[in-house]
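Peer 1: Sequence plus predicted model, see below.
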Amino acid sequence: MALLYKDPNKISAYRDRRFPGTQEEYEHSLQTSTTVYIGNMSFYTTEEQLYELFSRAGEIKKIVMGLDKNTKTPCGFCFVMYYSREDTDDAVKHISGTILDDRPIRVDFDWGFQDGRQWGRGRSVKHRGGYGKLVQKELEEQRQVVDYGVGSLGSFQPPHMGHNYGRHAGGGGHSYGGSHRHGRGDYHRKRYRDGDDDRRRPDISKRNSENEPRRNSDHDSRQEKNPRFRERGDSDDEEDDRKRQK
Amino acid sequence: MSSWRSLILRIGEKSPEYSGVIDFKDHIDACFGAVRRELDHSEDDILTFLLQCSEQLPHKVPLYGTLIGLLNLENEDFVKKIVESTQKSLQDALDSGDCNRIRVLLRFLTVLMCSKVIQPSSLVVIFETLLSSAATIVDDEKGNPSWQARADFYITCVLSCLPWGGSELVEQIPEEVERVMVGIEAYLSIRRKVSDVGLSVFEEINKIDKLHVEQDFVEDLWSRIQDLSKNSWKLESVPRPHLLYEAQLVAGKSHDFGPIICQEQSDTPVELSRLNFGRQKHEAELKYPQRIRRLNIFSASKTEDIQPIDRFVVEEYLLDVLFYLNGCRKECAACMVGLPVPFRYEYLMAETIFSQLLLLPQPPFKPIYYTLVIIDLCKSLPGAFPAVVAGAVRALFDRISELDMECRTRLILWFSHHLSNFQFIWPWDEWAHVLELPKWAPQRVFVQEVLDREVRLSYWDKVKQSIESTPALEELLPPKGGPDFIYTSDDGDKTEYTLSKELNSMVKGRKTARDVIIWLEESVIPINGLDVTLRVVVQTLLDIGSKSFTHLITVLERYGQVIAKICPNEETQIMLISEVSSFWKNSAQTTAITIDRMMGYRLISNLAIVKWVFSPTNIDLFHTTDRLWEILRNALNKTYNRISDLRKEISNLKKSVVKAEKIAAMAKAELDGAEAKLMLVDGEPVVGENPVRMKRLKSNAERTKEDEVSTRESLESKEALFARALEENEALFLSLYKHFSTVLMERLHETFGEKTMDHPVGDSEAMAVDEDDTPAMEMDKENGNSKRNVGYTIGEKEQWCLSTLGYVKAFSRQYASEIWPHMDRLEEEVLTETIHPLFRKAVYSGLRLQVDQ
C-alpha cells in the first residue's frame, strides 16, 4: 500500500557499517527484519515507556537499550524486537516522528540486533558513523511536515484563530471564528513555554550535532535534574549491564 | 521539465510540478502534453503507472478519466489496453473479494464513461451483473441469505458510482438507468435490514434495541442517491473536468468492455440452522465489512452545512486516502486537508476518523495509525483541527457510559497517546467534577485510566504537573512508587527474610537454576512448606528483575525453571499471579507485563490467568479499573497470536511440502532415468560409465527425499501443535464464559431480577436520570462547563453488571472467529436455559447472532 509515493526498494538511506554482508543482503535483512532501531530518544526514557508506546504496534519480544560505553547508562537509542513483521512495519510507519518523552523519535528497520550493538559512542568516539546527522536531517524534514500547513492546504484558508481546545463562554462549544483566541490551552505557546523547563532536554530542532558536549554535561547533572532518575540503590551497574548482554 | 511520472502522480495537487497552483485545465493540459510526447517510448510504463494512480488515488480519478479520454483521441490502442486491463483487474478483484479494489475500479469505469472511453450502456451492463448477483444471494431458494453482506456490498458499489457519473448516464440512457434504479429498489424490498446490534459504538446493553427503526447503511445511501437524483444529479463534491473538454471528447471512440462474472455463492445449503446461519453471516461480514458507521457526535449546529450526498462523497475520499496512503504521512495529511471540494469539512473529517478509530469489530488499521493521522492533521490545520478534536473528545466523554467497552479502551489509549504528543495539555478543570462521582462512574474511570496511560508513556511527576490547574485530580493518579518488596528489611518474618537474602546471593553468585532447585528441595521446602517457599522465591526473583523489562526477562530466562518447579499446576500458578500482583500493586503496567511474560515462558497457563482474574477480590474491581481487563485481554491476545502464528506456519509448510515433493520427484526421476540407461548395456551392469554422475544423482535423490520427509515431519508436528492449540482454545473460552456466567448470575438477578431484556428494572431508572439531567446539562454548558453526568445515579451493582456485560460483548466480538468453531459446545455447556437473558444477549450481540424471540 501507499507505494506510489515511496520507493519500496529503498527501505533505508542509512547503511550500517557493521553489517557483514553485501548491500543486497543488507536490504533483504531490512525487508524481513522484525527489529526496529529507535533513535533520538531522551536519555531518561525507560524501557517501560518504550514498552507502552511500542506495544501499540504489536506484541514485543525484547527491548535492548543503547548504553553509553563509558557510563553504561542509556544514551538515546534502543532496539525493539517484535514477533511479527507486520507489527514491525506498523511501528516504523506509525511511530516514527511522533513524540516520546517530549522528543520526536525516529524509528527505522534494523538488520537485527547482535550483541555489542547496544554500546553507543563514548565521550570521544563518534556515534554510529554519522547516523546522528541522518536522524537530524530526517527529523528536520518531519518538522517541515509540521509546518507545511498553510501553504499547501488547497482550498483551506485556515481561519484566523487560536489553536486550542477551549470552549468559549456561552457558546456551549466551539465554532470557527476569532473568539477562539480567548480559549485555554494554546498548543503552540505552551510548547515553547515548556521549553524553558529545565527538566526537559532541549528540543532537537534547536540543537545540532555539534552540541555533543552538551549531552555529556547533561549527563553529569541529570541525577539532580531528572525526577525520574532511577534509584539504583545499591546496584552495581556493571553487574546489571553484564546481565543485559546475556 | 517535470517527468510524465511526477506529472501524473501530482495532478490536481498544489505541487512544484504544477507551479504550486491548482487549475484543473492547466494540470490536464500539461500532463496530457507530457504523456503524449512519451507515449511512443514508454507506453507500457505509462499504462501501468496510470492505472496504479487511478486505483490508489481515487479522489483524483475524474482527472485521470479526462486525461485518458484525451489520450483516446490520440491513441485508441493505448486506451483500449487500459480498458482491457481494467476489465481484467475488476474480474480478479471480484474473484478474490477485494472490496476496495472493486469499488475503486467501478468508480474509475464511471469516469471513463464520462470521458467517452466506454459506452454508458457497458457500464449499466456491469451494474446489472452486480445487481443480479446481489438479488440471487438474498434469494431464499436460489441463494444464501447469510451472505447478504456481499450482496449489500455490490449494491453499495453501484450506488456509490452515481455521484461520479449519474448525471451523464441519465442524460444519455435514462431508461436503462431507471431500470437499474428499479432493480435496486426491488433488491431493497427483499433483503433483510441489517441491524447494528453488537457493532454500534453507542449502546446501552440493558436497553431495548432499536430494531427496524432507522435506516441501515444501504437504505441510507439509497435515500441519499434518490435525493441526488431529485436534485438533477447536481453535487459539489465531485469535480467534472471532462466538461472542460466536452467538445473534443465526444469524438473519441468508445471501447467495448468485456463481460464480468460475479463469484458464485459456493455453498447454498437448503436449510441453515440458526447457528450455521450465524456462522456464515459472520464469515460474510468479515469478508465484506461495512466501511463506516457514522458516529453523529457533533450537533447539527456545529457541523458544516453539507448536502447528504456530498457528505458521503467526502467520507469516501477520506476513507480512500486513509486506506491507500497509509504509511505516507506527509501525503496522507496533505490529501486529507486538500480534497477537491469547495466547502469546509473539518468536523466531517474528525467524525470520519473517529468513526474509524472506534469502528467495530475492528478498524482497517491499528488504532495507532489513526492516532498518527489525528496528530498530523492537528499540525496541518493548527487553527481549526485541534478544537474539532477536542469537541469530539467532549462529545464522546459526555456519552461515555453508553460507549461500547472496547471503544472506551481504544479511546483511552488514543487520548493518552495524543496528549503525550502535545505536552499533555488538556483543560482538565472541565472534568474536575468526576471527583464527585462514585468510583465506578464511567467518566471517572475514564479520567483515571487516561491518567494511568499518560504516566506509562511519561512519568508520574510530569503528569501531575500537567493537571496542576486541577490539583484535586491527583486523587485519580495511579500510585507513585515502585515495587512492593516485602523483604526490604527484617522487620517482618525473620526466616523468610533470611531465605530471601540467601536466594539473592545465590543469584548474584550466578548459581544455576538447578542449584537453586536443589537448595529449595533439600533445605527450604521440607522445613518451610510450599507456600512460604513460593512467596520467598517469587518475591526475591521479582525484586531482582524489578529494575526494567530487560532485567525481568533476564531473571525469568535464567530462573524460570525454578518458578516452574514450585508452580507446576493451576493452583500454584494462581498463587504466583497473586504474588506478582501484590509485588507490583503500584504499577498496573508492570503487573500486566510480568504476567504476560510469565505466560510467554509458559510459567503460567491462560486458564490460570482467567481463574485468577475471576477470583473474589478481583471481581470487586471489575467496574472501577481496567487493570484486570488488561491482563485478561493480554492472555486472550497472546493465545490468539500463538494460534495465528501456527496457522501461518502451517500454511507455509504446506507450500514447502509441495515444493519439496516436486524437487524430490524430479531428483528421483533423474536418477531412475540414469539407472535405466545403465541397465541397457547388454545385461551387464557397467559401473564405470559415469560413476561420478551416478553417485551425485543418487545422493541428490536421497537428500531431496530427506528434505521432503523432514518438511513433512515438521508440518505434522505443527499440525499436532495446532490441534492441541485448538483444544486449549476451546478450554479457554469455555472457562472464560463459565466464569462470566457464574459471576454474573447472582448479581444480574439481584440487580435486574428475572426480567428479560425487554424490560430491565434498571432501565427506566437510568433513562429517568438522563432526562432529569438534560436541563442541568444545558445550563452547565452555558457556564462553559460540562457536567452532564453529575447526576449520575447508577448504583454500584448495576454499574458492575453493565461494565462486565460490556466486556462479555467486547470479548465475544473480538474473538468471534475463534469462538464460532466451539459454539455448539458453548451452547450446550454454558449458554443453557438457566443463564440470565442479559448475559445471553451480551454474548449473542458480540457474535452478531440473533436472539430468539
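Peer 2: Now that the structure is in, tell me what you want to look at. Residues are numbered from 1 along each chain as shown, chains lettered A, B, ... in the order given.
Peer 1: tell me which parts of the stretch 351-500 of chain B are close to chain A?
Peer 2: B:366-369, B:371-372, B:375-376, B:378-384, B:386-391, B:394, B:413, B:417, B:420-423, B:425-427, B:430, B:453, B:456-459, B:461-462, B:482 (Cβ under 8 Å from any Cβ of the partner chain). From N, CA and C alone the C-beta is placed, and that goes for glycine too.
Peer 1: Return the subset of those lying in strands.
Peer 2: Applying DSSP state E to those, no entry is found in strands.
Peer 1: Turn the buried ones among these into a named ChimeraX selection, would you?
Peer 2: To isolate the buried ones among those in ChimeraX, judged by 16 or more other Cβ atoms under 10 Å in any protein chain shown, type:
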select /B:366,367,368,369,371,372,375,376,378,379,380,381,382,383,384,386,387,388,389,390,391,394,413,417,420,421,422,423,425,426,427,430,453,456,457,458,459,462
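Peer 1: In helices, which of the residues of the stretch 351-500 of chain B next to chain A fall?
Peer 2: Those of these mapping onto helices are B:367-369, B:371-372, B:375-376, B:378-380, B:386-391, B:394, B:413, B:417, B:420, B:453, B:456-457, B:461-462, per DSSP state H.
Peer 1: give the contact list for the nearest residue to residue B:281 once chain neighbours are set aside.
Peer 2: Closest residue to residue B:281 apart from its sequence neighbours, by Cβ to Cβ, 6 or more residues apart in numbering or on different chains: residue B:146 at 4.5 Å. Counting by Cβ atoms under 8 Å, 6 or more residues apart in numbering or on different chains, residue B:146 makes contact with B:272, B:276-278, B:280-281, B:284.
Peer 1: Can you say which helix or strand has residue B:595 in it?
Peer 2: Element membership of residue B:595 [criterion: DSSP states H and E] is helix B:588-600.
Peer 1: wait, does that helix contact chain A?
Peer 2: Yes. Applying Cβ under 8 Å from any Cβ, one finds helix B:588-600 in contact with chain A at B:589-590, B:593.
Peer 1: Show me what that helix is packed up against.
Peer 2: Counting contacts by 3 or more Cβ pairs under 8 Å, 6 or more residues apart in numbering or on different chains; DSSP states H and E, helix B:588-600 is packed against helix A:47-54, helix B:549-566, helix B:570-583, helix B:606-613, helix B:627-679.
Peer 1: Next up, the contacts around the residue most central in space within chain B.
Peer 2: For chain B, the residue nearest the mean C-alpha position is residue B:362 (3.0 Å; Cα atoms, centre = their mean). Going by Cβ under 8 Å, 6+ apart, residue B:362 touches residue B:814.
Peer 1: Kindly recompute the last result at 10 Å.
Peer 2: Applying Cβ atoms under 10 Å, 6 or more residues apart in numbering or on different chains, one finds that residue B:362 lies in contact with B:286, B:289, B:406, B:410, B:813-814.
Peer 1: Closest to chain A out of those?
Peer 2: Nearest to chain A among the contacts of residue B:362, counting by Cβ to the nearest Cβ, is residue B:410 at 10.6 Å.
Peer 1: burial measure for that closest one, as a count.
Peer 2: Burial measure for residue B:410: 23 neighbouring residues, criterion other Cβ atoms under 10 Å in any protein chain shown.
Peer 1: mind checking how far it is from residue B:404?
Peer 2: 9 Å (Cβ to Cβ, to the nearest Å).
Peer 1: Residues that sit against both of these two, list them.
Peer 2: Joint contacts of residue B:410 and residue B:404 (Cβ under 10 Å, 6+ apart) are B:201, B:358, B:360.
Peer 1: just checking, residue B:486 touches residue B:532?
Peer 2: No. At 11.8 Å, residue B:486 does not count as touching residue B:532 under the criterion of Cβ atoms under 10 Å.
Peer 1: More neighbours: which of the two?
Peer 2: Neighbour totals were compared for residue B:486 and residue B:532, and residue B:486 leads with 20 against 16 (other Cβ under 10 Å).
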